[in-house]
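J.: All I have is the shape, not the residue letters:
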Ligand SMILES: [Fe+2]
């Protein structure tokens with residue numbers, strides 16, 4: 001039997017307007033005054049920071065999320081914090097989409113673990129406890145608020161810092177923060193949640209915990225994107241989809257999607273959608289339902305991405321995919337390399 005290990009962030013509050021509870025949370029958790037905020041660049045000049053807590057000793061970073069976070073960005077943030085703060089920071093607060101969540105998680109780890117961010121890309125490589133961290137998502141779907149990974153693009157690979165130490169200590173879920181999300185972004189990011197759940201439920205690593213959360217997340221996604229449920233449910237779907245992969249894994253779509261993001265700089269949610277549209281062979285019914293949601297939402301996926309691709313770039317994408325051993329074992333079994341060959345991966349990429 002597969003062990004039913006479950007790890008979830010210990011404290012979560014959910015409610016409209018709950019961003020305002022941040023000050024209370026900081027007091028209740030007896031957190032010191034040295035606060036580092038990472039805020040989505042989307043909110044630059046919006047006056048967003050006015051609603052936050054000030055202690056007189058905080059640092060603000062507005063994170064440019066046009067591109068997904070790189071390991072070198074994390075290293076720069078860490079040295080900047082070390083130079084700017086006279087003592088150890090007490091708390092890292094990430095407010096934004098998946099990229100900002102990942103930045104907050106990675107910085108909290110790199111502040112207490114020597115070396116470079118790229119040294120920790122992989123599974124369970126973090127030794128020291130990180131700085132206390134709070135996640136406040138403003139975009140729903142990535143599940144980054146509850147997942148045990150901080151996905152980064154490094155000089156050699158796109159891979160997460162997969163560790164329990166990546167998980168937030170406290171999460172504030174405030175659906176009001178989703179109201180400014182642009183339509184396409186809402187769809188692509190929402191589909192990340194849908195695909196997490198599909199890959200968890202169809203994988204070999206599935207257990208009762210993951211299954212129950214994936215099942216509910218799929219139902220909520222359908223009700224949000226084909227029915228008339230709104231942001232409150234999307235936020236819960238994202239969290240449940242995230243839980244479904246905490247102790248299961250993603251699958252073929254995510255393995256290929258990392259190659260697309262690495263080669264074309266396309267955001268994770270959109271890259272997933274481009275890939276998932278070509279995966280009838282692996283997830284037939286769920287791909288059909290995905291297309292229904294795509295049509296209902298009026299989204300046109302990019303086509304012909306790899307039309308003029310060079311053999312060198314195609315090889316790089318295949319290499320990135322082959323690094324995703326855990327997702328591929330989850331999806332295709334221990335002998336995945338026998339069926340998911342370089343030739344097969346190239347054929348799939350060339351359809352996109
Ligand atoms: Fe994802």
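T.: Perfect, I can see it now. Here the structure is a predicted model, which is why all the values come from computation and not from measurement.

J.: what's the domain layout of this protein?
T.: The record assigns the chain these domain ranges, following automatic domain parsing: 11-178, 183-350.

J.: I'd like those domains as a markdown table, with mean pLDDT appended.
T.: Putting the domains of the chain into a markdown table (pLDDT from 0 to 100) gives the following:
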| stretch | mean pLDDT |
| --- | --- |
| domain 11-178 | 92 |
| domain 183-350 | 95 |
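
J.: who touches stretch 252-260?
T.: Stretch 252-260 is contacted from outside by 158-159, 195, 198-199, 266, 268, 271-272, 274-276, 279, 282-283, 305, 316-318, 320-321, 323-324, 327-328, 331-332, 340, 345, 348-349, 352, using Cβ atoms under 8 Å, 6 or more residues apart in numbering. For glycine as for every other residue, the C-beta is placed from the backbone atoms N, C-alpha and C.

J.: cool, stretch 126-135 as well?
T.: 9, 22, 25, 29, 31, 88-94, 101, 104-105, 107-109, 111-113, 120, 144-145, 161, 163, 165-166, 168-172.

J.: what's the answer for stretch 9-21, then?
T.: Contacts of stretch 9-21 (Cβ under 8 Å, 6+ apart): 25, 51, 135-136, 145-146, 167-177, 232, 235-236, 239.

J.: Enumerate the positions of the host helix or strand of residue 216 that are buried.
T.: Secondary structure assignment for residue 216, by DSSP states H and E: helix 208-225. Neighbour counts over helix 208-225 (16 or more other Cβ atoms under 10 Å) mark 209-210, 213-214, 216-218, 220-222, 224-225 as buried.

J.: Name the nearest of the residues you listed relative to residue 203.
T.: Of all those, residue 210 has the smallest distance to residue 203: 8.4 Å, by Cβ to Cβ.

J.: Test my guess that that closest one contacts residue 245.
T.: Yes: applying Cβ atoms under 8 Å as the test, residue 210 and residue 245 come out as touching, 7.2 Å apart.

J.: Identify the contacts common to the two.
T.: The contact sets of residue 210 and residue 245 overlap at residue 200 (Cβ under 8 Å, 6+ apart).

J.: show me where this structure has strands.
T.: 11-14, 35-40, 58-63, 91-96, 122-123, 133-137, 149-153, 158-162, 170-173 (DSSP state E).

J.: Make JSON lines out of those and add distance to residue 289 and mean neighbour count.
T.: Shown next, in JSON lines, are the strands of the chain (distance: least, Cβ to Cβ, whole Å; neighbours: other Cβ atoms under 10 Å):
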{"stretch": "strand 11-14", "distance to residue 289": "27", "mean neighbour count": "14"}
{"stretch": "strand 35-40", "distance to residue 289": "30", "mean neighbour count": "24"}
{"stretch": "strand 58-63", "distance to residue 289": "33", "mean neighbour count": "18"}
{"stretch": "strand 91-96", "distance to residue 289": "29", "mean neighbour count": "27"}
{"stretch": "strand 122-123", "distance to residue 289": "31", "mean neighbour count": "14"}
{"stretch": "strand 133-137", "distance to residue 289": "25", "mean neighbour count": "27"}
{"stretch": "strand 149-153", "distance to residue 289": "25", "mean neighbour count": "25"}
{"stretch": "strand 158-162", "distance to residue 289": "27", "mean neighbour count": "23"}
{"stretch": "strand 170-173", "distance to residue 289": "26", "mean neighbour count": "23"}
